[in-house]
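*Asks:* Pasting the sequence and the predicted coordinates here, then a few questions.
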Amino acid sequence: MIGEVRYNLLSFAKCLKTEGAASIIERAGVAPDPSYAAGLAVSLYMYLAFFILCVLYLITMYLRKDWYLNAAALLIAIFFTYAGMWEYMIGTICSNAVEAILFPGVLMAFSGIECIGRKMIEIWDREVVDKAEYEKKERRERAKRKARLYFPGKYNCLFFRVIWKNFVGNLKEYSVLLLCNMLVFAFVVSGFGMQALVKEGDMSYKTGYPAGAGKVLLRGLVELGIVGLLMLVLLLLYYLRKRLPEYGVFKTLGIRTKTIYSCLGAELGIGTAVSLIFGGVLGVIMVTLFRSSAGGGSADWFSPLLFLKAAAIMLLIYLVTFFATHDLFVGFRMGSATELQMMKEWIPGHFQFLFAAAGIFRLRI
């Protein structure tokens with residue numbers, strides 16, 4: 001806006017050509033100066049150059065050419081955003097200085113967004129192509145390795161004898177893992193069983209169960225589940241830390257990955273099934289002993305629904321255990337050569353007393 005008249009670029013150019021710069025300067029209320037004619041003309045030419053570059057840039061985009069015209073337009077917009085407020089330029093005769101700065105500033109912002117966005121899209125396209133080529137190369141390498149290590153026949157008894165020997169060598173860790181699994185399932189079964197014994201319909205002074213004992217036992221299952229989850233995660237991490245490097249040797253020797261996973265899955269699957277059976281029996285015995293020692297309770301506590309609820313809880317615990325163990329194992333690079341070497345290192349003797357003293361002091365606090 002100049003004076004009381006609002007112009008666009010076309011109307012301003014027409015007014016400058018027909019009326020001259022002196023008339024516009026007089027309307028703006030600025031002291032007349034012949035230099036304004038050159039300044040206003042330069043301002044219009046810069047806007048004209050900007051829009052010509054934008055049109056040419058659209059044409060080069062359609063023709064799939066990259067002549068960096070968008071960068072040239074951005075430089076003109078940046079220059080004019082600051083030069084437009086110089087003396088004798090178009091910004092000095094505008095009635096509102098904010099509008100004089102805002103219009104070229106908006107052009108500069110859109111030009112900058114376009115340049116940065118175009119460059120990001122180009123980088124993204126290159127990354128996608130590089131990733132596709134890398135994945136294609138990896139597939140070729142895996143196919144070559146698979147063809148090189150392909151074994152069409154069956155493994156003989158010697159292979160399974162070696163697997164069994166390694167398994168027996170880690171039997172202590174395996175037994176601890178199964179014992180923990182059995183105890184967790186036994187406590188879950190016994191928790192649901194005891195909660196069924198003391199349900200609200202069987203409350204009496206003869207049974208000796210306090211009111212609300214069923215709810216207390218049911219809430220206690222949450223704590224049992226958390227403790228069991230932590231125990232399973234720690235023991236499974238320790239077991240995999242011992243076993244996976246041994247299976248890694250088999251993979252290096254050319255044993256099929258499917259066979260390795262099948263052996264490891266059979267170890268964990270059979271052990272889990274056996275521990276669940278013994279854990280269920282132990283849980284039933286615990287509930288029976290609790291019922292006989294307390295002197296009463298519901299007689300129909302034993303039902304398939306009880307084991308279904310216990311199995312659902314164990315399934316949830318197994319899922320969380322699997323994901324937590326996977327993230328910890330991968331995140332801490334357990335089973336790597338460096339980590340295994342650290343396991344073999346002993347703490348120097350003159351530092352052991354300091355660690356023990358720090359632990360005792362922490363417990364006292």
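*Replies:* Perfect, thanks for sending it.
*Asks:* how about low-confidence regions in the stretch 1-150 of the chain?
*Replies:* 1-5, 7, 26-29, 95-97, 148-150 (pLDDT under 70).
*Asks:* Kindly report the same for the stretch 201-350 of the chain.
*Replies:* 201-220, 294-301, 332-350.
*Asks:* Mind jotting down where the helices sit in it?
*Replies:* For the stretch 201-350 of the chain, the helices defined by DSSP state H, counting those that start in this stretch cover 213-252, 257-294, 304-331, 337-344, 349-364.
*Asks:* Give me the domain ranges for the chain.
*Replies:* 9-126, 157-340 (automatic domain parsing).
*Asks:* export those to CSV and tack on mean neighbour count and distance to residue 140?
*Replies:* Using the backbone N, CA and C atoms, a C-beta is placed for each residue, glycine as well. As requested, the domains of the chain are exported to CSV (neighbours: other Cβ atoms under 10 Å; distance: least, Cβ to Cβ, whole Å):
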stretch, mean neighbour count, distance to residue 140
domain 9-126, 15, 21
domain 157-340, 16, 18
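*Asks:* Of the helices of the stretch 201-350 of the chain, which is nearest residue 192?
*Replies:* helix 304-331 (5.1 Å; Cβ to Cβ).
*Asks:* circling back to that earlier point, in TSV, list the domains of the chain along with distance to residue 137.
*Replies:* Listed next are those as TSV, based on distance: least, Cβ to Cβ, whole Å:
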stretch	distance to residue 137
domain 9-126	16
domain 157-340	20
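*Asks:* wait, which of those domains is closest to residue 138?
*Replies:* Nearest of these (Cβ to Cβ): domain 157-340, 15.0 Å.
*Asks:* so residue 195, which of the three states?
*Replies:* helix (DSSP: H, G, I helix; E, B strand; the rest coil).
*Asks:* And it, how close does it get to residue 287?
*Replies:* 10 Å (Cβ to Cβ, to the nearest Å).
*Asks:* cool, residue 231 as well?
*Replies:* Distance from residue 231 to residue 287, by Cβ to Cβ: 22 Å.
*Asks:* again, but for residue 328
*Replies:* Using Cβ to Cβ, which is the criterion applied here, residue 328 is 34 Å from residue 287.
*Asks:* go on, residue 184?
*Replies:* Distance from residue 184 to residue 287, by Cβ to Cβ: 16 Å.
*Asks:* do residue 111 as well
*Replies:* 76 Å.
*Asks:* closest to residue 34 out of the helices of the stretch 201-350 of the chain?
*Replies:* It's helix 304-331; of the helices of the stretch 201-350 of the chain, that one is closest to residue 34 (Cβ to Cβ) at 74.5 Å.
*Asks:* could you give the angle of the closest one to helix 213-252?
*Replies:* 40 degrees (axes from the mean of the first three to the mean of the last three Cα atoms, to 10 degrees).
*Asks:* returning to what we had before: out of the helices of the stretch 201-350 of the chain, nearest to residue 129?
*Replies:* helix 304-331 (28.3 Å).
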